[in-house]
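*Asks:* Need coordinates for the following:
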Amino acid sequence: MTIIKEFKSFALKGNVVDLAVAVIIGAAFGKIITSLVEDIINPILGIFTGKVDLSEKVLLLQLPFNQGADVALRYGAFITVVINFTIVAFVIFLAVKQINKLNRREEVKKEMGPIKESEELITLKEIREILKNK
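*Replies:* Residues are numbered from 1 along each chain as shown. Have a look, this model is predicted:
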């Protein structure tokens, strides 16, 4: 098998195509979540935190052997990135949780099938009676 045929076989497999689609949709979804956090959630949080901007916080280290050159530890930028990650992760968690809930509802509806008028519905009280008698 030539290298071109092998590559074609690999590239056109269903899994590779599905993965490519998932990556593209994931990137687009990531942009939506990032915009939601940066453009909506962070400004609202800024109201409650007094518009504190941690990204400019720096710790300067003066090292004697550097002859006056300071080393800046940008701890504020790190804290900001960690906070943004936490917010993004939480928003994605909520979105996935809602999507899973909708998918479960659809699966239950498919499993149940249509309810016929002739089918009798049983009440919770009747279920308890049945379980008590067993």
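*Asks:* What segments of this protein are helices?
*Replies:* With helices called from DSSP state H, the chain shows them at 3-11, 14-35, 42-48, 75-112, 124-133.
*Asks:* tell me the contacts of the spatially most central residue of the chain?
*Replies:* Of all residues in the chain, the one closest to the mean position by Cα atoms, centre = their mean is residue 92, 2.5 Å from it. Counting by Cβ atoms under 8 Å, 6 or more residues apart in numbering, residue 92 makes contact with residue 33. Quick note: C-beta positions are derived from backbone N, CA and C, even for glycine.
*Asks:* quick one: low-confidence parts of the protein?
*Replies:* 1, 14, 66-69, 109, 112-120, 134 (pLDDT under 70).
*Asks:* 90 instead, please
*Replies:* Under the criterion pLDDT under 90, the flagged ranges of the chain are 1-22, 25-26, 29-134.
*Asks:* Enumerate every residue touching the residue lying closest to residue 79 once chain neighbours are set aside.
*Replies:* Nearest residue to residue 79, sequence neighbours excluded (Cβ to Cβ, 6 or more residues apart in numbering): residue 54, at 5.0 Å. By Cβ under 8 Å, 6+ apart, the contact set of residue 54 is 76, 77, 79, 80, 83.
*Asks:* Give me the distance between residue 54 and residue 75.
*Replies:* 8 Å (Cβ to Cβ, to the nearest Å).
*Asks:* buried stuff in stretch 34-48?
*Replies:* Buried positions in stretch 34-48, judged by neighbour count with 16 or more other Cβ atoms under 10 Å: 37, 41.
*Asks:* for that stretch, how far is the first residue from the last?
*Replies:* Taking Cα to Cα, to the nearest Å as the measure, stretch 34-48 stretches 20 Å from start to finish.
*Asks:* distance between that stretch and the chain's centre?
*Replies:* In terms of Cα atoms, centre = their mean, to the nearest Å, the centre of stretch 34-48 is set 17 Å apart from its chain centre.
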